[in-house]
Each structure stands twice: as C-alpha cells, then as structure tokens.
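Enquirer: This is a predicted model, with the sequence first.
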Amino acid sequence: MRIAVLTGAGISAESGLATFRASDGLWENHRIEDVATVEAFERDPALVHDFYNMRRIKAAEAQPNAAHRALAELARAHDLTLITQNVDDLHERGGSADVIHMHGAVASALCAACGHRWQAPMVMRPEDRCPECNAQATRPDIVWFGEMPYHMERIWQALEEAELFAAIGTSGNVYPAAGFAQHAARFGVECIELNLEESANSRDFSQRILGPASRTVPEWVN
Ligand code: BJW
C-alpha cells in the first residue's frame, strides 16, 4: 500500500524533546513565532543561535522511541513516504531511511550567502564563516516562518499518489503541513490522525486515534 506519513513534535515528546505549543513549550519566554524568523535572526543572531545550540544538544542526547521504530517497520511492509516537520534525526536513528525533513535539520548548517550546506558544529556562533565561500553568513539549516519549506514538489506528489495519509503528533497550526490532509482528501486519500488530543485541523481527518504516540503508532502499524 502507498502510505504518506507526516510527523510533528509530538512523536519526539516521549524521547524528551519539548513540543512547541504545549504550556511548557515556551523557550525562556520566547514564542517559537518570535525566534524562528529571518527577522529575529537578523535582530539578534546570538539569541537565535543559542536556541538552536540548545536544541542541537538535546536532540543529540535524545533516543528514538517506539513510535519512531514502528514507522521504520511500516516502511519494510509498505511503500512509505515519511515526511517530518521535526529537525531532530530520531527517525533516522530509529531505522528510517530517506526521511523528508521539510523544516530542515538542526545538525545542518547553511550559508545564507552561497547556499552551501555542511554538518553544523554542536555550538554555532554568529562569527562562524562558511567553509566554501568564507562569508560570515552562516545560519542553522532550518525553515523559518515566511520561508519556503523544503522538498514541496515531492511532498505534494506523495500526498496525491497515496492511498492513506497519516499525521502523527502535530498540532495542525503551521502551514503548509496543516493543509496536507485537506489536499490529500481532495485526491481521494483516506486521512487518519494520531495525536494526544484532537489537532486544530482534526475535521480534515476521517479517523482519529488519540493517545501517546509510543503506544498508538506501534498499535496502528501492527
Ligand atoms: C503528542 C504527544 C505524544 C504531544 N504523542 N502526540 C495565516 C494563515 C495561513 C498561513 C499563514 C498565515 N500567516 C502566516 C502563514 C504561513 C506560516 C504559518 O503557518 N503560520 C502559522 C503560525 C499561522 N507558515 C510558514 O511561514 C511556512 N512557510 C510557508 O508557508 O511558505 C509559503 C508556502 C506557500 C504555499 C506552499 C508552500 C509554502 C514555514 C513554516 C516554518 C515552521 N517552522 C517551525 C520552526 C522551525 C523548525 C524548528 O525550530 O524546529 O517549525 S515553527 C514550529 O511549528 C516548527 C514545527 O515543525 C512546526 C509545527 O509544530 P508541530 O510539530 O505541530 O508541534 P506543536 O508543538 O505545535 O504540536 C505538537 C502536537 O503533538 C500537539 O498537538 C500535541 O497534542 C501532540 N503531542 N505529545 C502524540 N506523546
């Protein structure tokens, strides 16, 4: 069966990584909408680097959980396109190959001057230089608000060609990902949501399974 899966911060919550919009999802009183923008980076690059340096360390320390591993298992039995909004690498470390990171990766650095990408050092600083062009224009390889998410053509195609679309652990607040179920449903794809609670776009799904991902995802896969 052709399946497209979208994951969000909720799938990594039980690995100890904070979600964005829970009551404890604030970072030092900054809303994600205030630090994850180009304007915020231009205003205070050290602050934004600090935010991603902390996230990089936490992601490296975290371990994949049963939900990440279950999706790797799902790919062994089906034609799976795994799309994640998460910038951690827990899907890869849980056994999944070819993960589409639509919002980038915290382990990657990007030169805003020449577009070169390389493995980010654990701690990035505003004065770091690009190893390719030497510009002092390095930034986390992350898709911020107002920027175009990565691999969109491949994602729309996978959503249109799937028989089943599942969204796991995402609140349905951030577009374009929040519109994937509506888009897939237009192509006759069955849409299912797995989340701790109903998401903001819950009505776009024909089925929902509520509960912690480490329990619901392995049960759904098996
Ligand atoms: C569990 C659980 C457990 C907990 N088990 N579940 C007005 C209307 C419409 C759109 C816009 C608008 N104004 C602006 C926009 C566009 C904007 C947008 O959507 N803004 C909204 C705030 C309204 N979007 C953009 O700018 C995007 N670009 C764009 O649109 O380009 C133009 C375009 C047009 C057409 C096609 C294509 C493109 C870019 C968005 C970039 C988002 N970046 C961030 C930060 C960077 C990455 C990072 O730092 O990690 O990405 S924001 C942040 O939110 C992060 C996440 O990936 C993203 C989604 O969050 P997610 O994963 O859903 O987490 P939470 O915390 O919200 O939810 C967790 C869920 O898990 C909850 O439901 C819990 O219940 C659940 N949960 N524990 C299961 N154990």
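Expert: That came through fine.

Enquirer: per-residue pLDDT, the closest residue to residue 120 other than its chain neighbours?
Expert: Sequence neighbours aside, residue 109 is the residue nearest to residue 120 in space, at 4.0 Å (criterion: C-beta to C-beta, 6 or more residues apart in numbering). From N, CA and C alone the C-beta is placed, and that goes for glycine too. Confidence at residue 109, expressed as pLDDT, is 98.

Enquirer: For residue 109, which three-state class applies?
Expert: Secondary structure, DSSP: H, G, I helix; E, B strand; the rest coil: residue 109 is strand.

Enquirer: and the residue of the chain most remote from its centre, what is it in contact with?
Expert: In the chain, residue 134 marks the outermost C-alpha relative to the chain mean, sitting 29.4 Å out by C-alpha atoms, centre = their mean. Applying C-beta atoms under 8 Å, 6 or more residues apart in numbering to residue 134 gives no contacts.

Enquirer: where's it relative to residue 49, distance?
Expert: Residue 134 sits at a distance of 19 Å from residue 49 (criterion: C-beta to C-beta, to the nearest Å).

Enquirer: distance of residue 29 from residue 18?
Expert: For residue 29 relative to residue 18 (C-beta to C-beta), the value is 14 Å.

Enquirer: what packs against the helix or strand of the chain with the lowest mean pLDDT?
Expert: Lowest by mean pLDDT, DSSP states H and E among the helices and strands of the chain is helix 32-35, with a mean of 84. If you count contacts as 3 or more C-beta pairs under 8 Å, 6 or more residues apart in numbering; DSSP states H and E, helix 32-35 packs onto helix 45-61.

Enquirer: What residues sit buried inside the helix it packs on?
Expert: Using 16 or more other C-beta atoms under 10 Å as the test for burial, helix 45-61 gives 45, 47-53, 55-56, 58-59.

Enquirer: Which elements pack onto that helix?
Expert: Using 3+ C-beta pairs under 8 Å, 6+ apart: helix 45-61 touches helix 32-35, helix 38-43, strand 104-111, strand 138-142.

Enquirer: Wondering if the shortest one reaches the ligand at all.
Expert: Yes. For a cut-off given as C-beta under 6 Å from any ligand atom, helix 32-35 has contacts with the ligand, namely 32-33.

Enquirer: Flag every residue of this protein that's near the ligand.
Expert: 8-10, 13-14, 19-21, 25, 32-33, 36, 85, 87, 103, 142-149, 152, 169-171, 173-176, 195-197, 199, 212-213.

Enquirer: The residues you listed in strands, which ones?
Expert: 142, 195 (DSSP state E).

Enquirer: about what we covered before: in which helix or strand would I find the residue farthest from the centre of the chain?
Expert: Using DSSP states H and E, residue 134 sits within no helix or strand.

Enquirer: Domains in the protein, by residue range?
Expert: 1-17+64-103+149-222, 20-61+106-142 (automatic domain parsing).

Enquirer: any idea which of those domains scores lowest on pLDDT?
Expert: Looking at these, the lowest mean pLDDT belongs to domain 20-61+106-142 (a mean of 93).

Enquirer: Would you indicate which residues of the host helix or strand of residue 157 are buried?
Expert: Element membership of residue 157 [criterion: DSSP H and E] is helix 152-161. For helix 152-161, burial by neighbour count (16+ other C-beta under 10 Å) applies to 155, 158-159.

Enquirer: Ok, stretch 204-213 next?
Expert: Buried, per 16+ other C-beta under 10 Å, within stretch 204-213: 204-205, 208-209, 212-213.
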